[in-house]
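> Provided below are the primary sequence and the corresponding predicted coordinates.
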Amino acid sequence: MAVRDIVLYPDERLKAECAPVEVFDEALAELARDLEDTRQVGPGAVGIAAPQIGVLQRVCIVDCSTTRKPTPNNGHLVLVNPEVLEWEGLVSGREGCLSIPDYTGNVVRAEKVRVRSQTVVGETFEIESEGFEARAIQHEIDHLDGILFLDRLVSRRTDLFRRKVYQKGGKKRPAESKKTG
């Protein structure tokens, strides 16, 4: 297990479509552990996708269970080869990303989704999600398709915001906020 470096925008790996996972072995389990370790040290991160650590495979993690208002959620999710099967409603909301640390933006996403995925051992499962967790899942699946939240802004002029910073101990730091990955 290891904390890996986050790939930062405009690195081209963030725009690549990821390959489906076909081998479910210890290397995949290790990748999932590294993703989780890396997510844990990200300030307020609720999700992370493999391309954000330079691995172009369809693997991501979402965990909204510890957010300030943990609306109904499915807990800690490791999603391998995830796909949205159905969606319902549209809602605009603010998103941040570990790979774009200086900005947040307003993005329109489905309010509810039904997703099919596999576990790290290859078992298929489906979940239904809504609210913030549904947004985070969609954000991470976008990463697997080479899509960033910047690509989903209606207008960069009105929907993109510089992340606020605060002074602590004489150092400038990004404000703590929940990032979807």
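Cool, the structure landed. Residues are numbered from 1 along each chain as shown.
> What residues does Leu98 make contact with?
The contact partners of Leu98, taken as CB atoms under 8 Å, 6 or more residues apart in numbering, are 6, 39, 42, 45, 48, 52, 179, 181. Heads up, the C-betas are built off the backbone N, CA and C, glycines and all.
> quick one: which of those residues is most hemmed in?
Comparing those by number of neighbours (other CB atoms under 10 Å), Ile48 comes first, having 31 neighbours.
> What's the separation between that residue and His76?
Distance of Ile48 to His76, given as CB to CB, to the nearest Å: 12 Å.
> Give the intersection of the neighbour lists for these two.
With CB under 8 Å, 6+ apart as the test, Ile48 and His76 both reach Ile61.
> Name the nearest of the contacts of Leu98 relative to Ser129.
Using CB to CB, Gly181 comes nearest to Ser129 of the contacts of Leu98, at 14.9 Å.
> Where does pLDDT dip in the chain?
1, 165-179 (pLDDT under 70).
> Which residue ranges of it form strands?
For the chain, the strands defined by DSSP state E occupy 47-49, 59-63, 76-97, 100-118, 124-130, 160-162, 165-168, 171-174.
> so what does the longest one touch, helix or strand wise?
When you say that, I think you mean strand 76-97. Other helices and strands packing on strand 76-97, by 3 or more CB pairs under 8 Å, 6 or more residues apart in numbering; DSSP states H and E, are helix 26-41, strand 59-63, strand 100-118, helix 131-144.
> can I get these in JSON lines with distance to Leu85?
Formatted as JSON lines, the helices and strands packed on strand 76-97 follow (distance: least, CB to CB, whole Å):
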{"stretch": "helix 26-41", "distance to Leu85": "22"}
{"stretch": "strand 59-63", "distance to Leu85": "16"}
{"stretch": "strand 100-118", "distance to Leu85": "5"}
{"stretch": "helix 131-144", "distance to Leu85": "12"}
